[in-house]
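S.K.: What follows is a predicted structure for the sequence shown.
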Amino acid sequence: MVRLIAATLAALTLASTAQAQDAAQSAAKIPTPADTYQDLFHQVQTRRIFPDGKTFVDAVPRRAPAKILADYRAHSRFSDAELKRFVSANFVVPEAGAAPRPSAARPPIKAHIAALWPHLTRPPVKPVAGGSALAMDKPFVVPGGRFREIYYWDSYFTMLGLKADGRDDLVESMIDDFGALITAYGHIPNGARTYYLSRSQPPFFFAMVGLSRATDPKLIKARVDLMRREHAFWMEGEKDLKPGQAHRRVVAVAKGVVLNRYWDDRATPRDESYREDLETALKSGRPPAEVFRDLRAGAESGWDYSSRWMADGASLSTIQTTAILPVDLNSLMFGLEKAIARGCAKLADKACEKEFDDRAFARAEAIDFYLWDAAKGAFLDYQWKTGQRLDHLSAATVYPLFVGATDARKAHIVAQKAWDELLAPGGLRTTTVRTGQQWDTPNGWAPLQWVAASGLRRYGEDALAAEIAKRWLATVEREYQASGKMLEKYDVEEAKAGGGGEYPTQDGFGWTNGVARALMEPAK
């Protein structure tokens with residue numbers, strides 16, 4: 001397989017550095033491990049020298065990268081064993097962060113979560129030349145397992161638990177860390193690695209700021225300014241679009257109506273999933289760059305991967321993320337716009353308040369027109385190239401409730417739909433179809449349980465909110481009692497560990513800890 005990939009896509013992969021540097025914008029031009037280590041990188045990743053593609057891209061060079069690359073090229077050929085020895089001699093290769101070994105006697109899960117926070121907390125980071133880590137000025141919490149750095153949307157759900165446990169110090173430092181990333185790069189990347197800089201993730205920064213207890217007017221203004229800068233990142237290019245046109249993360253669907261899509265400023269294989277992306281492109285029969293872009297955009301969505309993004313609803317090779325206007329993203333953009341308007345109101349900035357209130361109102365109308373399907377009783381993603389809603393029911397349908405972007409009648413209809421088709425014995429299903437992808441049934445995910453429960457409560461749908469919380473907590477508790485672990489995802493059909501996707505289910509786990517801990521608090 002390796003030879004087939006190399007022979008078929010050699011020209012593309014060996015030229016990927018130049019292509020990325022020519023085409024990428026802003027932060028996406030910062031070199032990634034693929035750019036820095038070139039043919040060494042290609043060989044390590046395609047030959048699967050390490051079982052996890054994320055291992056090498058997180059490694060730290062022991063000496064100057066240019067000298068490492070020159071020494072690699074001085075050898076005519078390496079066997080797999082020799083190549084692994086070469087990498088180990090020239091890089092500090094990370095190991096997966098192991099969670100504390102579970103004891104035979106299980107402490108109460110609330111106590112266990114509290115004990116995990118110090119284990120998952122990391123000190124400030126100073127980058128090393130040739131490494132992929134980005135600078136972090138203050139302590140932060142990582143998800144755990146293979147995820148050794150801070151992640152964008154994960155962190156909001158982690159912070160819910162930190163706040164419930166009285167760790168406002170970490171909540172504030174993580175908000176500041178994300179603010180520093182916006183200041184440095186113009187947006188919050190997927191995670192704090194160079195290879196994540198070309199994309200973001202679902203924009204939850206406004207919700208993080210909403211957890212803060214800060215009252216200093218200067219700090220409030222600084223954070224409103226950061227939210228405005230993030231909004232500008234997502235909306236870049238909106239003014240020049242005509243209906244039917246798209247640019248980066250914006251799509252004009254009608255005159256004066258612009259909605260958002262997921263995107264990535266590179267169209268090459270992801271560094272951390274390099275071999276997997278090459279294989280997907282090879283199977284697709286499509287232009288490789290098109291497939292790579294859609295795979296990367298799927299990673300920006302956080303739902304990597306799901307039937308939501310597949311043209312045939314089943315095969316990853318048909319991924320079409322950039323052709324979709326997603327319910328969750330546009331709901332979060334509404335939430336961001338409302339948060340900016342509220343912040344500007346506190347600052348007595350009337351012009352800003354009006355601009356973002358108007359933006360939020362227009363977006364809510366567009367969500368209602370393009371994403372609401374009365375016949376299906378759900379908010380559905382929209383394929384903007386064909387002008388059709390996609391009949392892929394998913395937990396994203398609850399996002400307009402989470403941010404308050406709909407009315408009580410639609411919220412009630414969505415609640416009934418969730419009761420009938422999304423509620424499983426162990427919590428809320430992600431979708432209703434099985435593809436083997438991790439963001440499809442039978443898996444359930446902590447963030448979606450929280451978004452659903454809090455959104456339903458917002459509209460007085462307390463019974464369903466409570467049922468989701470009860471079933472999810474029972475699933476988490478059952479697995480904890482069985483294995484002593486807090487997992488990244490769960491099978492909500494059978495209330496056990498989840499599966500599927502590109503890597504094994506991870507233990508740790510930041511957002512599961514956060515959501516479980518927050519759901520233990522009395523409903524407000």
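M.R.: Everything's here; your move.

S.K.: and the next element down the chain from the longest helix anywhere in the chain?
M.R.: Across the chain, the longest stretch assigned as helix under DSSP state H is helix 462-483. Where DSSP states H and E defines the elements, the next helix or strand beyond helix 462-483 is strand 489-491.

S.K.: so what strands line up beside that next one?
M.R.: When pairs are called by DSSP bridges, strand 489-491 turns out to pair with strand 443-445 (antiparallel), strand 496-497 (antiparallel).

S.K.: from these, which stretch is densest packed?
M.R.: Comparing these by mean neighbour count (mean count of other Cβ atoms under 10 Å), strand 443-445 ranks first with a mean of 27. In this view, the C-beta of every residue, glycine as well, is placed from N, C-alpha and C.

S.K.: List the buried residues for the helix or strand following that one?
M.R.: Moving toward the C-terminus from strand 443-445, the first helix or strand encountered (DSSP H and E) is helix 446-458. Residues 446-457 are the ones in helix 446-458 that count as buried (16 or more other Cβ atoms under 10 Å).

S.K.: mind giving me CSV with those residues and columns for distance to Lys163?
M.R.: Output for the buried residues of helix 446-458, formatted as CSV (distance: Cβ to Cβ, whole Å):
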residue, distance to Lys163
Ala446, 15
Pro447, 15
Leu448, 19
Gln449, 17
Trp450, 13
Val451, 17
Ala452, 19
Ala453, 16
Ser454, 13
Gly455, 19
Leu456, 21
Arg457, 17
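
S.K.: coming back round to it: make TSV out of the strands paired with strand 489-491 and add mean pLDDT and distance to Leu211.
M.R.: Compiled in TSV, those are given as follows (pLDDT from 0 to 100; distance: least, Cβ to Cβ, whole Å):
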stretch	mean pLDDT	distance to Leu211
strand 443-445	98	20
strand 496-497	92	29
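
S.K.: May I see these arranged in CSV, with distance to Trp234 as well?
M.R.: Converted to CSV, the strands paired with strand 489-491 look like this (distance: least, Cβ to Cβ, whole Å):
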stretch, distance to Trp234
strand 443-445, 23
strand 496-497, 35
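
S.K.: ok, back up a step: for the longest helix of the chain, packing partners?
M.R.: Using 3 or more Cβ pairs under 8 Å, 6 or more residues apart in numbering; DSSP states H and E as the contact criterion, the secondary-structure elements in contact with helix 462-483 are helix 109-120, strand 423-424, strand 427-428, helix 446-458, strand 489-491, strand 496-497, helix 510-519.

S.K.: which residues touch it?
M.R.: With contacts defined as Cβ atoms under 8 Å, 6 or more residues apart in numbering, helix 462-483 is touched by 102, 106, 109, 112, 415, 418-419, 423-428, 444, 446, 449, 452-454, 456-457, 485-487, 490, 492, 495-497, 512, 515-516, 519-520, 523.

S.K.: ok, back up a step: compare the helices and strands packed on helix 462-483 and give me the one nearest Gly166.
M.R.: Closest of the helices and strands packed on helix 462-483 to Gly166 is helix 109-120, at 9.3 Å (criterion: Cβ to Cβ).

S.K.: Between helix 510-519 and the closest one, find me the angle.
M.R.: Angle, helix 109-120 to helix 510-519, by axes from the mean of the first three to the mean of the last three Cα atoms, to 10 degrees: 140 degrees.

S.K.: circling back: now the contacts of helix 462-483: which count as buried?
M.R.: Neighbour-count burial within these applies to 109, 112, 415, 418, 423-424, 426-428, 444, 446, 449, 452-454, 456-457, 485-487, 490, 492, 495-497, 512, 515-516, 519; the criterion is 16+ other Cβ under 10 Å.

S.K.: what about the residue lying farthest from the centre of the chain, distance to Glu82?
M.R.: When distances are taken from the C-alpha mean of the chain, Ser76 lies farthest, 40.2 Å away, according to Cα atoms, centre = their mean. Distance of Ser76 to Glu82, given as Cβ to Cβ, to the nearest Å: 11 Å.

S.K.: domain assignment for this structure?
M.R.: Described in terms of automatic domain parsing, the domain architecture of the chain consists of the residue ranges 2-92, 108-213, 392-524.

S.K.: Any idea how far apart the tips of the last one sit?
M.R.: End-to-end distance for domain 392-524, by Cα to Cα, to the nearest Å: 32 Å.

S.K.: same question, stretch 120-135
M.R.: Its start and end residues considered, stretch 120-135 measures 18 Å (Cα to Cα).

S.K.: avg pLDDT for it?
M.R.: Regarding stretch 120-135, the rounded mean pLDDT is 97.

S.K.: Arg223 belongs to a helix?
M.R.: Yes: the secondary structure assignment for Arg223 places it in a helix, going by DSSP: H, G, I helix; E, B strand; the rest coil.

S.K.: Now the residue nearest the centre of the chain. Its backbone dihedrals?
M.R.: With the centre of the chain defined as its mean C-alpha position, the nearest residue by Cα atoms, centre = their mean is Gly302, 3.0 Å away. When quoted as degrees, to the nearest 10, the phi and psi of Gly302 stand at phi 80, psi -20.

S.K.: That one contacts Ser155, correct?
M.R.: No: under the criterion of Cβ atoms under 8 Å, Gly302 makes no contact with Ser155, lying 11.7 Å away.

S.K.: Show me the shaky parts of the chain.
M.R.: The model of the chain has pLDDT under 70 over residues 1-26, 28, 96-100.

S.K.: what do you get if the cut-off is 50, keeping everything else the same?
M.R.: The model of the chain has pLDDT under 50 over residues 1-24.

S.K.: wait, what's in contact with the nearest residue to Gly285 once chain neighbours are set aside?
M.R.: Setting aside the residues directly before and after it, Gly285 is nearest to Ser317 in space (Cβ to Cβ, 6 or more residues apart in numbering), at 7.7 Å. Residues in contact with Ser317, defined by Cβ under 8 Å, 6+ apart, are 280, 283-286, 291.

S.K.: Quick check: strands, which of these are part of them?
M.R.: Secondary structure of the contacts of Ser317 is defined by DSSP state E; no position falls in strands.

S.K.: who wins for neighbours among those?
M.R.: The residue in those with the most neighbours, by other Cβ atoms under 10 Å, is Val291 (25 neighbours).

S.K.: From Arg213, how far off is the residue nearest to it when sequence neighbours are not counted?
M.R.: In this structure, Val291 finds its nearest non-sequential neighbour in Ala281, 4.3 Å apart by Cβ to Cβ, 6+ apart. According to Cβ to Cβ, Ala281 stands 47 Å off from Arg213.

S.K.: thinking again about what came up before, any chance of the helices and strands packed on helix 462-483 in a markdown table, with distance to Ala133 too?
M.R.: As requested, those are exported to a markdown table (distance: least, Cβ to Cβ, whole Å):
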| stretch | distance to Ala133 |
| --- | --- |
| helix 109-120 | 17 |
| strand 423-424 | 38 |
| strand 427-428 | 34 |
| helix 446-458 | 25 |
| strand 489-491 | 25 |
| strand 496-497 | 29 |
| helix 510-519 | 18 |
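
S.K.: residues near Lys138, how many?
M.R.: Neighbour count of Lys138, defined by other Cβ under 10 Å: 16.
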